[in-house]
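[1] Would you be able to build a 3D model of this:
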Amino acid sequence: MKTRREFLQRSGAVASTTLVSGAAFAQVAQHRAGGGAVAEPKEWYDRPMRWMQLAFVEDDPGQYDPKFWLDYFKRCHADAACISAGGCVAFYPTEVPFHYRSKFLGNQDTFGDMVKGCRDLGMNVIARTDPHAMHQDMADAHPGFVAVQADGTPRRHWADPSLWVSCAMGAYNFGFMLDVTIEIMEKYHVDGIFSNRWSGSGMCYCKTCQSLFHDYSGHDLPRTTNPLDPVRKQYLLWREQRLFDLWRLWDTEIKKRNPNAAFLANSGGGALADLDMVSIGNLAPTLFADRQARSGVMPPWRNGKNAKEYAATMGTKAIAGITSVGVEETYRWKDSVQSGDEIRLWMADGVAHNLRPWVVKFNAKPIDKRWMPVVEKFYGWHFRNQNYLRNEKSLAEVAIVYSQQSAAYYGGDQAGAKVENHSLGYYQALVEARIPFDMVHDLLLDIEKIERYRVLILPNIAALSDRQCAQLTEYVAKGGSIVATHETSLYDEWGVRRKDFGLAQLFGASYDGKVDTQVHNSYLTVEKNPKDGSFHPLVHGLENATRIINGVNWVHVKATAAQSYSPLTLVPTYPDLPMEEVYARVAHTDTPGVYVRESGKGRVVYFPFDIDRTFWEVLSNDHGTVLKNAVGWAFRGEQPLTVTGRGMVDVSLWAQKGSVTAHLVNLTNPMMMKGPVRDLVFSPPQKVRVRIPKGKSVKAVKFLVNAAVPKSTVVNGMVEVEVPPFELNEAVAVDWV
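    Now for the predicted structure:
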């Protein structure tokens, strides 16, 4: 069986070749639809700072006002646009057979007219295509293009039964959509093609998929989603390889028509992303985080999390964060409009974590225009301060590791509960603690990539290879510290359980053969050091607690290295009914609830239970305190940015040329954990401390939102700034001499 590493190395090698060849060209010669030669710099991808997307619906041609939109783009200082072109519906006079034209198009060129208008404004323009659905005439002419369900029946579209769902793996994408892509590039010479839902809509059992997978693996398509099934593993690798082959095919043909253009996939994300983010980071010259708004129970910092997940593999490449002006719930109210404060809050948190704002409007005939002045005002602020928003690097020295292989091969169908919820819990704890932090992909743990971080957090990163464990061991030996939870490293990269933790030596603890799940009514005793009666920094703030609640899932471990004492010890579960029986049968044990130790030049904290996942579920203050303290003890010193004051504030610290900017996003509102926000409650005053790099001195300090001149002082290598109350966000910019 092909290993995951072999596949990723192959993908990365091809991707690197593609990018180098694309960068070798100098200028674009002629825009066919733009009317004249237009010289453009190569590698334009870092230039745009504010994006606008106009997603046409079929009856837009002839019924919407392009001048209205172009005037709005200009007022917003938008410098790039994504315009719907074709795929399911063509908005230009296509000549590709069975490329369905809008029945309202007539002899117009709706797409081409908008492309020209945007170019006249000096904007970069990319074309949006949507290849996930087809009309009846194409299905009749090419039944092999249609996706097939497990029972062998062709798949109708779930939202519009007059359409058919396309197969992403066969001739529809590799043939028909390739022709559409080439036609758009040859007619309009756009800066790229952005495809939505290009990677399929679930498993397809058509003859093409069956044949291709059998040729690849020697097996029939799996009928299970069990991540431990060997055929399922092969399917995941085959699907990934096939889609990256499609990506490279489209990208190659695009570059033949415009060397400075690229295929810009709507793809990626965090641990739950279904394509390898490392390969995407190599292939993509820029990316767009398509998490458009909050839904269900979701805090506004999730947009910042999007930014960090993408940046983990994209590095310094530009990333735009897509914001919908509509309500993004499962009921799909596409013509809706969110509250203005909710739109502002989502964009502000994205910008604080280095997303460049992108606003999308579905339907070019706006019904409710309340969102428009909101976006125009925010974009105006962004334009005026863009020199302090064009970031070169994050200055965070703490990072959360995320793991796609843990999600795919350990979590499987339960990846949300078993993997992502651990990460969300630790993320929430760090936001509450106001600790600036990044995210790191677990396939990028080479020492030269992670040595800039003083602490790495491993929130149930269960599936780690021997090589990854060795990398983490080297990191700690050289002075880095780790905080790990629950089953971290108990499984190999394919989700197969080891006999012991891969990081047992670092933890000072070994697996003792059992994992308890759904633990009820169990506690942790807050312990003093028996030698001097002091409390460990890990339980600072809990000195009077005596006990705190336990988690829900517990790994049985046994100590393998000397530890003076554990700051938390287990109180085993006991009955919670009837009430007369609710008392501890064993009031005290010496079973550690946490392993805290020095290792090499670093420090290690290991929790054998799901403290982070439980924190996400119940939001116990005590768990949040312990999670914060674990990072504080492991960090040893003051963070490069500290923000003190009341309220809930998301923070970040970024370096630009000649300056740094500290962002504060006010999350204090009545609907923090669920949108839409009801009211933005002004943040109380905050005190900001920013570390001054060696060899630098302060030239000027300014606020990017408040018009007042800040009062600042320099104390012990830190510049201190008093930030007055603010509504949505504030940014403190420090210019260096």
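[2] From here on, just use CA atoms for contacts and neighbour counts.
    Will do.
[3] how about the closest residue to Gly326 other than its chain neighbours, phi and psi?
    In space, Gly326 comes closest to Val337 once its chain neighbours are excluded; the distance is 4.1 Å by C-alpha to C-alpha, 6 or more residues apart in numbering. In terms of degrees, to the nearest 10, the main-chain angles of Val337 are phi -140, psi 130.
[4] For Val337, grab the count of nearby residues.
    19 (other C-alpha atoms under 10 Å).
[5] Thought Val374 was touching it, still the case?
    No - Val337 is not in contact with Val374 according to C-alpha atoms under 8 Å; the separation is 11.6 Å.
[6] how near is the residue in the chain sticking out farthest from the centre to Ser199?
    Relative to the C-alpha centroid of the chain, counting by C-alpha atoms, centre = their mean, Glu580 is the outermost residue, at 48.3 Å. According to C-alpha to C-alpha, to the nearest Å, Glu580 stands 58 Å off from Ser199.
[7] Equivalent analysis for Ser712, please.
    For Ser712, the distance to Ser199 - C-alpha to C-alpha - is 51 Å.
[8] swap in Thr208?
    Distance of Thr208 to Ser199, given as C-alpha to C-alpha: 15 Å.
[9] same deal with Phe263?
    Remark: distance between Phe263 and Ser199 (C-alpha to C-alpha) = 13 Å.
[10] List of residues touching stretch 547-565?
    486-487, 505, 508-526, 529-530, 570, 595-597, 608-611, 614, 622 (C-alpha atoms under 8 Å, 6 or more residues apart in numbering).
[11] out of the residues you listed, which are buried?
    486-487, 508-511, 520-526, 570, 595-597, 608-611, 614, 622 (16 or more other C-alpha atoms under 10 Å).
[12] Am I right that Glu694 falls within a helix?
    Residue 694: Lys, not Glu. No - according to DSSP: H, G, I helix; E, B strand; the rest coil, the state of Lys694 is coil, so it is not within a helix.
[13] Does Tyr388 touch Ala662 like I think?
    No - assessed by C-alpha under 8 Å, Tyr388 is found out of contact with Ala662, at 9.8 Å.
[14] Between these two, which contacts overlap?
    Common neighbours of Tyr388 and Ala662 (C-alpha under 8 Å, 6+ apart) are Ala733.
[15] Report all helices and strands that the helix or strand encompassing Val483 contacts.
    Here Val483, judged by DSSP states H and E, is contained in strand 481-485. Strand 481-485 makes packing contacts with strand 455-458, strand 602-607, helix 621-635 when contacts are defined by 3 or more C-alpha pairs under 8 Å, 6 or more residues apart in numbering; DSSP states H and E.
[16] quick one, helices of the stretch 101-250 of the chain?
    For the stretch 101-250 of the chain, the helices defined by DSSP state H, counting those that start in this stretch cover 110-120, 136-141, 171, 177-188, 207-217, 230-257.
[17] So which residues make contact with the helix or strand following the last one?
    What that stands for is helix 230-257. For helix 230-257, the following helix or strand on the C-terminal side (DSSP H and E) is strand 262-265. With contacts defined as C-alpha under 8 Å, 6+ apart, strand 262-265 is touched by 191-196, 198, 247, 250-251, 254-255, 284-287.
[18] cool, and stretch 140-150?
    Taking C-alpha under 8 Å, 6+ apart as the rule, stretch 140-150 contacts 139, 154-155, 164-168, 170-172, 203-208, 223.
[19] Check which helix or strand the residue nearest to the spatial centre of the chain maps to.
    Geometric centre of the chain, nearest residue: Asn306, 2.8 Å, by C-alpha atoms, centre = their mean. Element membership for Asn306, per DSSP H and E: helix 302-314.
[20] ok, residues contacting that helix?
    Contacts of helix 302-314 (C-alpha under 8 Å, 6+ apart): 268-270, 277-278, 280-282, 284, 286-287, 289, 291, 293, 317, 319, 321, 346-347, 349-355, 438-441, 444.
[21] need the contact list for Gln471.
    Shown in contact with Gln471 (C-alpha under 8 Å, 6+ apart): 445-447.
[22] Now the helix or strand encompassing it: buried residues?
    Element membership for Gln471, per DSSP H and E: helix 466-477. For helix 466-477, a neighbour-count test (16+ other C-alpha under 10 Å) marks 468-477 as buried.
[23] ok, Ala463 touching Asp492?
    Yes - assessed by C-alpha under 8 Å, Ala463 is found in contact with Asp492 at 5.0 Å.
[24] of the two, who's got more company?
    Neighbours were counted for Ala463 and for Asp492 using other C-alpha under 10 Å; Ala463 has more, 30 against 22.
[25] got a list of what that one touches?
    403, 405-406, 409-410, 488-496.
[26] Same question for Glu617.
    Contacts of Glu617 (C-alpha under 8 Å, 6+ apart): Gly425.
[27] try it again with 10 Å
    Glu617 makes contact with 421-422, 424-425, 611 under the criterion C-alpha atoms under 10 Å, 6 or more residues apart in numbering.
[28] In which helix or strand does it reside?
    If you go by DSSP H and E, Glu617 is part of helix 611-618.
[29] same thing with Val374?
    If you go by DSSP H and E, Val374 is part of helix 371-384.
[30] Check Ala415 too.
    Going by DSSP H and E, Ala415 is in helix 415.
[31] follow-up on the earlier one: mind checking which of the contacts of helix 302-314 land in helices?
    Among the contacts of helix 302-314, DSSP state H puts 277-278, 280-282, 346-347, 349-352 in helices.
[32] which two in the residues you listed are spaced the farthest apart?
    Within the ones in helices among the contacts of helix 302-314, two members stand farthest from each other by C-alpha to C-alpha: Asn282 and Trp346, at 27.7 Å.
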